[in-house]
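In: Sequence first, predicted coordinates after that:
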Amino acid sequence: MTDRKQQITRETVLEYHLGGKIGLDLQKNLKSDIDLSLAYTPGVAEACRLIESEPESVWNYTAKGKTVAVVTDGTAVLGLGDIGASASIPVMEGKAVLFKAFAGVDAWPVPLEGVRVNGKTGRSNIDAFVETTARLAVMYGGINIEDVAAPECFEIEDRLKEILDIPVFHDDQHGTAIISLAGLKNYLYITDKKIEDIKIVINGGGAAGIRIGELFRYAGAQYIVMCDSKGVIHDGRDDLSVQKQQFAIPTPERCLRDAMKNSDVFIGVSKPYLVDGDMIKSMAPDPAVFAMANPEPEIRPEKVYEARVDAYVATGRSDYPNQINNVLGFPFIFRGALDVRASDITTNMKIACSNALADLAREVVPDYICEAYGGVCLDFGREYLIPKPFDRRVLVHASLAVAEAAIKDGVARKPIDPGEYKAGLEQMAEKLLGK
């Protein structure tokens with residue numbers, strides 16, 4: 001079997017990026033003078049007049065309803081940190097590629113300069129970021145905030161959600177939470193544990209950790225111990241942000257090592273190598289270890305298994321089983337939201353996506369998925385808790401679940417027939433990902 005890692009070198013990556021990764025794909029022909037008159041003057045005036053008189057028709061007669069802006073200021077890009085708006089563009093283009101390839105959603109990078117406290121440097125300027133994004137939002141059916149540092153990202157998302165009547169979603173906050181919850185649900189399913197009974201330790205008090213904790217609580221978790229760089233977030237600390245205060249609990253535990261004792265689940269969204277084998281040994285029977293720091297996890301899977309053969313392990317990496325990959329979430333959340341013209345992405349829509357992913361992982365895995373992953377056989381269990389991104393059924397199951405949740409929550413402005421919509425998604429999946 002070919003070593004896939006050897007195919008990814010600095011040279012092959014840079015060659016792949018030459019000329020950029022995205023471009024404009026025309027939806028209509030332009031091959032004659034008639035086409036020219038329809039696409040531009042004089043014909044285009046009819047569409048303009050209609051939208052002026054009937055503002056809602058902009059969804060039908062422009063690309064707005066199928067286009068998402070990927071907005072960043074470059075303050076927290078992947079594991080690279082604060083690299084600025086210009087250096088963030090390859091990542092934003094990559095996000096747009098994933099939107100299009102997996103869910104047929106047109107997305108465009110919108111890196112913002114001049115929305116930092118010192119112009120091009122410093123923390124995010126919340127007012128400038130929100131105002132700039134709100135002004136350009138008229139062209140888009142949704143806003144995907146990307147790679148914006150905490151804690152500013154919380155207020156930026158909240159304010160944009162209040163201002164705009166289109167979905168606003170910060171993937172770094174919610175994406176990992178949605179996929180982690182899917183993995184957690186299947187871990188609980190296999191081990192026959194109950195979410196309200198287990199002890200969950202979350203290491204990392206940033207955007208991802210906070211939203212994971214919130215979503216887990218919404219799903220029924222009762223006992224969460226969160227740690228940040230200073231240790232356990234407990235009710236005796238006076239240095240906590242508003243977001244962290246909601247997880248301040250009365251406990252004698254003061255460090256991660258303390259918190260890990262008798263815990264059922266470890267969720268890591270922090271830094272490499274903060275967990276050792278002794279900490280894993282101190283956990284409860286059949287522990288779940290979701291070590292998702294990138295590119296190096298809090299503990300490598302092989303080290304987990306050296307300490308505990310009964311563990312269930314997930315990482316953020318593609319070279320280990322159970323990758324917690326946000327691409328399983330955001331393309332399909334926006335696909336479902338756009339298709340019903342949702343005005344918001346609600347918590348129930350996120351839960352619906354998690355449920356759909358968890359349920360799908362329990363189904364028989366088609367042969368084409370095994371072939372896409374080097375011929376490895378995949379069966380629901382310890383090393384297959386969540387579906388793979390190239391499983392075209394994800395588009396159907398997750399998008400439909402999100403759309404139906406939007407309707408149920410009253411944020412959808414366009415009705416759908418579930419049967420017809422599902423059939424359309426199946427056709428789209430076949431077209432995008434092939435047989």
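Out: Perfect, thanks for sending it.
In: my read: Y218 touches T346, true?
Out: No - look at Y218 against T346 with C-beta atoms under 8 Å: they stay out of range, at 10.8 Å. The way it works is simple: take the backbone N, C-alpha and C, and place the C-beta from them, glycine included.
In: ok, the two, which is more surrounded?
Out: Per other C-beta atoms under 10 Å, whichever of Y218 and T346 has more neighbours is T346, with 19 against 14.
In: That one: what's it in contact with?
Out: Taking C-beta atoms under 8 Å, 6 or more residues apart in numbering, we find T346 in contact with A405, A406, D409, V411.
In: Which secondary structure elements does the host helix or strand of the second one sit against?
Out: Mapping A406 onto the secondary structure by DSSP states H and E places it in helix 393-409. For helix 393-409, the elements it packs on are helix 84-103, helix 330-339, helix 347-361, helix 418-433, judged by 3 or more C-beta pairs under 8 Å, 6 or more residues apart in numbering; DSSP states H and E.
In: ok so, going back, by neighbours, which of the contacts of T346 wins?
Out: Counting neighbours by other C-beta under 10 Å, A406 comes out on top of the contacts of T346 with 29 neighbours.
In: you'd agree that residue is up against R335?
Out: No - A406 is not in contact with R335 according to C-beta under 8 Å; the separation is 11.4 Å.
In: residues near the residue lying closest to D339 once chain neighbours are set aside, how many?
Out: Computed as C-beta to C-beta, 6 or more residues apart in numbering, the closest residue to D339 that is not its neighbour in sequence is A403, at 5.6 Å. Other residues near A403 number 28, with proximity taken as other C-beta under 10 Å.
In: List the contacts of A403.
Out: Here A403 is in contact with G336, A337, D339, V340, A412, I416, Y421 (criterion: C-beta under 8 Å, 6+ apart).
In: how far away is the second one from G84?
Out: The one in question is A337. According to C-beta to C-beta, to the nearest Å, A337 stands 30 Å off from G84.
In: higher neighbour count, these two?
Out: Shown here are A337 and G84; by other C-beta under 10 Å, A337 has more neighbours (29 against 17).
In: Assess the claim that that one and I143 are in contact.
Out: No - the pair A337 / I143 is not scored as a contact, 11.1 Å apart, by C-beta under 8 Å.
In: Please enumerate the shared neighbours of these two.
Out: Common contacts of A337 and I143 (C-beta under 8 Å, 6+ apart): P167.
In: And the nearest residue to H397 once chain neighbours are set aside, what's its pLDDT?
Out: Spatial nearest neighbour of H397, excluding adjacent residues (C-beta to C-beta, 6+ apart): A356 at 4.3 Å. Note on A356: pLDDT of 98.
In: Measure how buried A356 is and give me the count.
Out: That count, for A356 with other C-beta under 10 Å as the rule, works out to 26.
In: Please determine how far it is located from G410.
Out: 20 Å.
In: same check, this time on V97
Out: Taking C-beta to C-beta, one finds V97 at 33 Å from G410.
In: Now rank the contacts of A403 by neighbours and give me the top one.
Out: That'd be G336 among these, by other C-beta under 10 Å, with 32 neighbours.
In: and that residue, how far is that from A150?
Out: In terms of C-beta to C-beta, G336 sits 27 Å off from A150.
In: and what of P389?
Out: From P389 to A150 the distance is 26 Å (C-beta to C-beta).
In: same thing with C370?
Out: 38 Å.
In: Looking at these two, which is more packed in?
Out: Applying other C-beta under 10 Å to C370 and A150 shows that A150 carries more neighbours, namely 20 against 15.
In: Quick check, that one in contact with G206.
Out: Yes - contact criterion C-beta under 8 Å: A150 and G206 qualify, at 4.6 Å.
In: Overlap in contacts, these two.
Out: If you check A150 and G206 against C-beta under 8 Å, 6+ apart, no residue is contacted by both.
In: State the distance from D258 to S282.
Out: Distance, D258 to S282, by C-beta to C-beta: 9 Å.
In: Which helix or which strand is home to the residue nearest to V97 when sequence neighbours are not counted?
Out: Using C-beta to C-beta, 6+ apart and skipping residues adjacent in sequence, the residue nearest V97 is K21, 5.3 Å away. Following DSSP H and E, there is no helix or strand that holds K21.
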